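Asks: Here is the input, now give the coordinates:
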Amino acid sequence: MAYKSLLTVAASPNEVLGTVTAAASIALTMDAHLDALALGVDRTQVGYSYVGSGAVVIAAAMDRAENEARETEAALNAAIGAQTPALRSAVESLVTQLGALTDVVASRARYSDLVVLPLPYGKNRGVEDEAVTEAALFEGMAPVLVIPPAGLRSPEPKRVIVAWNQSREALVAARRAMPFLKRADSVQIVVVDPPAHGPERSDPGGLLCQYLVRHGVRAEVMVLARTLPKVSEVLARHVRDTDADLLVMGAYGHSRFREAILGGATRDMLEHAEIPVFLAH
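Replies: All right, here's what the predicted structure looks like:
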């Protein structure tokens, strides 16, 4: 069981090397192909304007987006060129308006086993970076591995934490992460403050543990008390205490018109991620 088609998307030349290096190491380990997409994003929203000025604004915005696409493509090519020649890869660039970005990214993500992206929040990150992550997850229906500035320690993480709350999203994430889970030395199914009257009240995480063990995963359950205000804070502390290499969790969001946006624990974990976070919806 392995990922065979990987995708990374860059909307700016910032932090490209770390993300490509992580994606390339996974691709080489799992004998996969890596596709890289460079985006030039037209962020203008032309509304009321003087007669004739709209065309000028649009033309200038498109020129800027095309330049950004070329710079980002060059950064991706340089980052891929820094990898071993054994890496099978392809780089594509295109220009899109911010409103159409979701469809562009989703159309590629749907045919990828794993999308590897940089942290969508922080210094030098823009609204388009968050939009790319959301598009891959919610519209592209692909699992996403988010790489923090510290990078990926190993393409085969040895200590993995699976955040479990009995939800559909958490179960999908655990299943999609199976190639990583099967290669790990230890997998902790972490349950924070399980409900006293839930369906798994007598054995929190037990059924998931059984399911993973039957697949050859070295899994165990860890139940933690909610000793901090947020569940995400409890998880983050446990990640540090166990020196984990990877966190697997469901991606949660809420609707904004027709698009879902990241919210709740998902956003909290990504805003303060110190290790790679594997997300699925």
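
Asks: hey, let's count contacts and neighbours off CA atoms from now on
Replies: Noted.

Asks: Pretty sure Ala90 sits against Ala38.
Replies: No: assessed by Cα atoms under 8 Å, Ala90 is found out of contact with Ala38, at 10.9 Å.

Asks: ok, these two, which is more surrounded?
Replies: For Ala90 and Ala38, the more surrounded residue by other Cα atoms under 10 Å is Ala38, and the numbers stand at 26 against 14.

Asks: residues contacting the more buried one?
Replies: Contact analysis of Ala38 by Cα atoms under 8 Å, 6 or more residues apart in numbering lists 9-12, 69-70, 72-73, 76, 91-94.

Asks: what's the answer for Pro194, then?
Replies: Listed by Cα under 8 Å, 6+ apart, the contact set of Pro194 reads Asn165, Arg201, Pro204, Val223.

Asks: Closest one to Arg159 out of these, please.
Replies: Proximity of these to Arg159 (Cα to Cα) peaks at Val223, which lies at 16.9 Å.

Asks: any idea what that closest one is structurally, helix, strand or coil?
Replies: Three-state call for Val223 (DSSP: H, G, I helix; E, B strand; the rest coil): strand.

Asks: what's the nearest residue to it if we skip its chain neighbours?
Replies: In this structure, Val223 finds its nearest non-sequential neighbour in Val191, 4.8 Å apart by Cα to Cα, 6 or more residues apart in numbering.

Asks: so where's the longest helix in this structure?
Replies: Longest helix in the chain by number of residues (criterion: DSSP state H): helix 53-81.

Asks: Quick one: mean pLDDT for it?
Replies: The average pLDDT for helix 53-81 rounds to 86.

Asks: And stretch 237-244, by the same measure?
Replies: 97.

Asks: And the contacts of it?
Replies: Defining contact as Cα under 8 Å, 6+ apart, one finds that stretch 237-244 is touched by Lys158, Arg159, Val160, Ile161, Leu247, Ile275.

Asks: With stretch 136-154 instead?
Replies: Defining contact as Cα under 8 Å, 6+ apart, one finds that stretch 136-154 is touched by 15, 18-19, 22, 25, 102-103, 105-110, 112-119, 133, 173, 176, 245, 251, 259-260, 273-281.

Asks: Over to stretch 197-217?
Replies: By Cα under 8 Å, 6+ apart, stretch 197-217 touches 164, 166, 181-184, 186-187, 189-191, 194-195, 218-221, 223.

Asks: ok, now stretch 112-129?
Replies: Here stretch 112-129 makes contact (Cα under 8 Å, 6+ apart) with 3-11, 14-16, 19, 22-23, 41, 98, 109, 130, 133, 136, 142-149, 270-271.

Asks: How about stretch 110-124, which residues are buried there?
Replies: For stretch 110-124, burial by neighbour count (16 or more other Cα atoms under 10 Å) applies to Arg110, Ser112, Asp113, Leu114, Val115, Val116, Leu117, Pro118, Leu119, Pro120, Tyr121.

Asks: Going along the chain, name the helices of the protein.
Replies: Counting by DSSP H, the chain has helices at residues 16-29, 53-81, 101-109, 127-134, 168-176, 178-183, 206-214, 231-242, 264-271.
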